[in-house]
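Visitor: Make a model of this:
(2 chains)
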There are 2 protein chains.
Amino acid sequence: MRKSLKIRELRRVAIVGVGLLGGSIGLALRAAGFGGVRVGVGRRESSLRKALACDTVDEVTCDPAAGVAGAELVILCTPIGRFEALLRQIVPALAEGAFVTDVASTKAEVVRLAERLLPRSVRFVGSHPMAGSEKTGVEFARADLFQDALCLLTPTARTAPVAVREVGHFWEALGARTLKLTPARHDRFLARASHLPHATAAALVRLAQAQGAIDVAGPGFADATRIASGDPAMWTDIFRTNRKAMVQAVDRLIAELAGLRARLEKDDARGLEKWLTDSKEARDQWVARRYRKPRGREA
Amino acid sequence: MRKSLKIRELRRVAIVGVGLLGGSIGLALRAAGFGGVRVGVGRRESSLRKALACDTVDEVTCDPAAGVAGAELVILCTPIGRFEALLRQIVPALAEGAFVTDVASTKAEVVRLAERLLPRSVRFVGSHPMAGSEKTGVEFARADLFQDALCLLTPTARTAPVAVREVGHFWEALGARTLKLTPARHDRFLARASHLPHATAAALVRLAQAQGAIDVAGPGFADATRIASGDPAMWTDIFRTNRKAMVQAVDRLIAELAGLRARLEKDDARGLEKWLTDSKEARDQWVARRYRKPRGREA
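Guide: As a prediction, the model looks like this:
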């Protein structure tokens, strides 16, 4: 039973779902000195051919069980909606002691499922590399996608410490910083930092579209709504598997907007400026912490 | 009385307020072949020295009346809150037949004020070049800021046709496309395309900050909230001078979010996916129309 996930010592890694994220893992593995076999598992032969053509994987198969057999590390990169069926398919084929992780954007439901279905003989921990964009597809895969990205790890009381440590090292070898938090806390945080902003971007597009105002929109609108061009099926999965935290976040946003509305109604100049100043300062400080680059060169 | 604003024939242009926009007008004028004098009017000597150092203007003064005297074109680029006092100061000094415009982000109040205070002998039309960024200050001025930008012109029944035509040509000479609409329609459109997105970005930062969720935020959040780093004083002016349309837009957004909340509560997979798909399609079509560039190279 392998004790570490040192990239140069690994012989076989299975990437289940070779899109933007899975493909980028393949490219980043090779760039980080991985000398073994990258197995790509997919549903459509055409997608797998593309994954091979982009040199993101070395072997491909449409059979998940065959794909994960003998792999020391299995990374699930498929849509969340397919996790349950997929886990059931791969369980019998997983090598004893294999490390298993995933890249799903919500964690409570996924981790619960994995802990219920995976045998104790494999070492699972949930991962959420916060990388990617509104683009989908292996053709956008990049070896440096995880460089300076934040990868969240979501261990539970059932997680083997070796899984947290080694999967953490794995992501760090691909260039990411890692941070541990519980699945529930992850989902609450992500509701506010990612899922609600996504929903809001979609709502803003609808409002601007409804009256034709979108035709006078400029670069600020383009930035503010860019994430609304993301894959609707993927985001439906994310919203559905994080419903509780999303509903709470939507309620908080509605309350915040109601406060703004009251300041507008009263023409409360000081209140409006303070509200905007607080936000600007919070964001500027976050940019300085997060990107540690000179002002104006943030993203 | 000059009949046209042909850039190569102009001798004297006054830029009142030499920040990012005013400074960029100065640079763009020179790049477009303007051979006359660019007069910069400001409140602080230090800002004016910076404007000179950046070669955005040729002469500077802290006296608005002296600055606009003899100018064939006067462009007001100061915060909206200063417009009334400024207009009163320059009225006695404006040359007969001078063209006057502004770059304010809201138009109904500004245009009403200008039409009330300016004499019939000058030719005023409101402008709103949709360029700029969350950055402020003449040091960010660029000669190509208006290239491919949209500049909205807001004539009224009182506007001289020659003002609309010539000020339009002026912006086009600086690289912008122009579009005419009434001040009221401009403000309704901008509430949805710009002012509400700005307010929403600020609200999202507040929500993420409140719980510490901001520390797991990534590039999607950075894009979605970039505009929240804009100048609070400027945006307070914008919100206040567009209160009515803003309140309506906030109400519409709250209704849209309530609809999303209902779909989340019901775990309405089909409803959520349709909601997201409609937004994605509207945005993708807008990007294709607006930027007319290959996919993925939008902004």
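Visitor: Not counting residues beside it along the chain, what's closest to A:L27?
Guide: A:A143 (3.9 Å; C-beta to C-beta, 6 or more residues apart in numbering or on different chains). The way it works is simple: take the backbone N, C-alpha and C, and place the C-beta from them, glycine included.
Visitor: now swap in A:K180 and tell me
Guide: Nearest to A:K180 is A:L153, by C-beta to C-beta, 6+ apart, at 4.9 Å.
Visitor: Find the helix or strand that the one you found is a member of.
Guide: strand A:150-154 (DSSP states H and E).
Visitor: In chain A, where is pLDDT below threshold?
Guide: A:1-2, A:133-134, A:292-299 (pLDDT under 70).
Visitor: how about the helices in it?
Guide: Under the criterion DSSP state H, chain A contains helices at A:20-31, A:45-53, A:64-68, A:83-90, A:108-117, A:161-173, A:183-190, A:196-211, A:219-225, A:232-241, A:243-265, A:269-291.
Visitor: Break chain A into its domains for me.
Guide: Following automatic domain parsing, one gets these domains for chain A: A:12-181, A:186-267.
Visitor: circling back: make TSV out of the helices of chain A and add distance to A:R11 and mean neighbour count.
Guide: Converted to TSV, the helices of chain A look like this (distance: least, C-beta to C-beta, whole Å; neighbours: other C-beta atoms under 10 Å in any protein chain shown):
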stretch	distance to A:R11	mean neighbour count
helix A:20-31	12	24
helix A:45-53	19	16
helix A:64-68	14	22
helix A:83-90	18	18
helix A:108-117	24	18
helix A:161-173	14	19
helix A:183-190	30	22
helix A:196-211	38	25
helix A:219-225	44	24
helix A:232-241	31	22
helix A:243-265	39	18
helix A:269-291	36	18
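Visitor: For B:K266, which of the ones you listed is the nearest?
Guide: Minimum separation from B:K266 across the helices of chain A (C-beta to C-beta) falls at helix A:243-265, 9.6 Å.
Visitor: Show me what that closest one is packed against.
Guide: Using 3 or more C-beta pairs under 8 Å, 6 or more residues apart in numbering or on different chains; DSSP states H and E, the elements in contact with helix A:243-265 are helix A:183-190, helix A:196-211, helix A:269-291, helix B:196-211, helix B:243-265.
Visitor: gap between that helix and the chain center?
Guide: With C-alpha atoms, centre = their mean, to the nearest Å as the basis, helix A:243-265 stands 25 Å off its chain's centre.
Visitor: ok, now stretch A:190-210?
Guide: Worked out by C-alpha atoms, centre = their mean, stretch A:190-210 lies 18 Å from the chain centre.
Visitor: Just confirm yes or no for it near chain B.
Guide: Yes - under the criterion of C-beta under 8 Å from any C-beta of the partner chain, chain B is reached by stretch A:190-210 at A:190-194, A:196-210.
Visitor: And stretch A:120-132, by the same measure?
Guide: Yes - Stretch A:120-132 is in contact with chain B by C-beta under 8 Å from any C-beta, via A:M130, A:A131.
Visitor: measure the nearest residue to A:A93 once chain neighbours are set aside to A:V91 for me?
Guide: The shortest distance from A:A93 to any non-neighbouring residue, by C-beta to C-beta, 6+ apart, is to A:A65 (3.9 Å). Noted for A:A65: a distance of 9 Å to A:V91, by C-beta to C-beta, to the nearest Å.
Visitor: same question, A:A160
Guide: 17 Å.
Visitor: go on, A:E109?
Guide: Taking C-beta to C-beta, one finds A:E109 at 18 Å from A:V91.
Visitor: go on, A:A149?
Guide: 30 Å.
Visitor: Wait, A:P119 touches A:V91, no?
Guide: Yes - using C-beta atoms under 8 Å, A:P119 makes contact with A:V91 at a distance of 6.6 Å.
Visitor: higher neighbour count, these two?
Guide: Here A:P119 and A:V91 are compared on neighbour count by other C-beta atoms under 10 Å in any protein chain shown; more neighbours surround A:V91, at 14 against 11.
Visitor: That one is in contact with A:L118, isn't it?
Guide: Yes - the pair A:V91 and A:L118 passes the contact test of C-beta under 8 Å, sitting 6.5 Å apart.
Visitor: what residues are shared contacts of these two?
Guide: Overlap of the contact sets of A:V91 and A:L118 (by C-beta atoms under 8 Å, 6 or more residues apart in numbering or on different chains) is empty.
Visitor: what about A:G33, how many neighbours?
Guide: If we define neighbours as other C-beta under 10 Å, then A:G33 has 11 of them.
Visitor: could you list every residue that touches it?
Guide: A:I7, A:R8.
Visitor: repeat for A:L179
Guide: A:L150, A:C151, A:L152, A:L153, B:V216.
Visitor: Output the residues you listed as a markdown table; include the columns neighbour count and distance to A:R43.
Guide: Formatted as a markdown table, the contacts of A:L179 follow (neighbours: other C-beta atoms under 10 Å in any protein chain shown; distance: C-beta to C-beta, whole Å):
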| residue | neighbour count | distance to A:R43 |
| --- | --- | --- |
| A:L150 | 19 | 29 |
| A:C151 | 23 | 26 |
| A:L152 | 24 | 27 |
| A:L153 | 23 | 27 |
| B:V216 | 22 | 31 |
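Visitor: Report the two of these separated the most.
Guide: Top of the distance list for these (C-beta to C-beta): A:L153 and B:V216, 11.7 Å.
Visitor: Ignoring the adjacent residues along the chain, who's closest to the single nearest residue of the stretch 1-150 of chain A relative to chain B?
Guide: Per C-beta to the nearest C-beta, A:M130 is where the stretch 1-150 of chain A lies closest to chain B, at 4.0 Å. Nearest residue to A:M130 in three dimensions, chain neighbours excluded: B:G218, at 4.0 Å (C-beta to C-beta, 6+ apart).
Visitor: One more: A:F124?
Guide: A:F124 sits nearest to A:V100 (C-beta to C-beta, 6+ apart), 4.5 Å away.
Visitor: Could you tell me which residues make contact with that neighbour?
Guide: Listed by C-beta under 8 Å, 6+ apart, the contact partners of A:V100 are A:L73, A:V74, A:I75, A:L76, A:L94, A:A114, A:L118, A:V122, A:R123, A:F124.
Visitor: bridging residues for it?
Guide: Note on A:V100: beta-bridge partners by DSSP bridges are A:V74, A:F124.
Visitor: Can I get stretch A:22-39 as CSV, trimmed to CA atoms?
Guide: Taking Å, rounded to 0.1, in the frame of the first residue of the first chain, the C-alpha atoms of stretch A:22-39 are listed here in CSV:
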residue,chain,number,x,y,z
GLY,A,22,-9.4,16.9,-15.6
GLY,A,23,-7.4,17.8,-18.7
SER,A,24,-5.5,20.5,-16.8
ILE,A,25,-4.7,18.0,-14.1
GLY,A,26,-3.2,15.8,-16.8
LEU,A,27,-1.1,18.6,-18.3
ALA,A,28,0.0,19.8,-14.8
LEU,A,29,1.0,16.2,-13.8
ARG,A,30,3.3,15.9,-16.7
ALA,A,31,4.7,19.4,-16.2
ALA,A,32,5.4,18.5,-12.5
GLY,A,33,7.5,15.5,-13.5
PHE,A,34,5.0,12.7,-13.5
GLY,A,35,6.5,9.8,-15.5
GLY,A,36,3.7,7.3,-15.3
VAL,A,37,0.5,6.7,-17.1
ARG,A,38,-2.4,9.1,-17.1
VAL,A,39,-5.6,7.2,-17.7
